[in-house]
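# A structural model of the following input is requested.
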Amino acid sequence: MASVSYTDHEGTTRTLESSPGETVMSLAKRNGVPGIIGDCGGVLSCATCHVFVADDDLQMLEPVSDLEDEMLDGTAVDREPSSRLSCQLHPEKLPRDLHVTTPSMQE
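Below you'll find the model as predicted:
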């Protein structure tokens, strides 16, 4: 199992173990992590699961798809180079644990 560490915009960190097939967004929603809404349920049609990936973890992720890139332009908090949609991140596919920070707001 892979784990994901979620840090909120105030600096509080919570680490959770993911289940097979789970995304960073679905893990957060299942465990009540504040700061990730996921209005569309993970079908890449909103940007309410926006997260900032730790700089050291960016290189292990698959590149941003064109559709994800388009959705990231509509985030409530300005996107940064480390911005990703958590519905597109699959912890079990990564070689080590993932660290993300949630923005101050999603909508």
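# mind checking the SS state of residue 25?
helix (DSSP: H, G, I helix; E, B strand; the rest coil).
# contacting residues for it?
Residue 25 sits next to 36, 38, 42, 49, 85, 86, 87, 89 when contact means Cβ atoms under 8 Å, 6 or more residues apart in numbering. (Glycine included, C-beta is placed from N, CA and C.)
# so how far is residue 34 from it?
Counting by Cβ to Cβ, to the nearest Å, the gap from residue 25 to residue 34 is 13 Å.
# what of residue 55?
Using Cβ to Cβ, residue 55 is found at 23 Å from residue 34.
# JSON lines for the contacts of residue 25, including secondary structure and neighbour count?
Below are those laid out as JSON lines (DSSP: H, G, I helix; E, B strand; the rest coil; neighbours: other Cβ atoms under 10 Å):
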{"residue": "36", "secondary structure": "coil", "neighbour count": "25"}
{"residue": "38", "secondary structure": "coil", "neighbour count": "20"}
{"residue": "42", "secondary structure": "coil", "neighbour count": "18"}
{"residue": "49", "secondary structure": "coil", "neighbour count": "30"}
{"residue": "85", "secondary structure": "strand", "neighbour count": "27"}
{"residue": "86", "secondary structure": "helix", "neighbour count": "27"}
{"residue": "87", "secondary structure": "helix", "neighbour count": "28"}
{"residue": "89", "secondary structure": "coil", "neighbour count": "23"}
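# just the closest of these to residue 66, please.
Ranked by distance to residue 66 (Cβ to Cβ), the contacts of residue 25 are led by residue 85 at 12.7 Å.
# report the contact partners of the spatially most central residue of the chain.
For the chain, the residue nearest the mean C-alpha position is residue 86 (2.6 Å; Cα atoms, centre = their mean). Going by Cβ under 8 Å, 6+ apart, residue 86 touches 23, 24, 25, 28, 36, 38, 49, 50, 51, 100.
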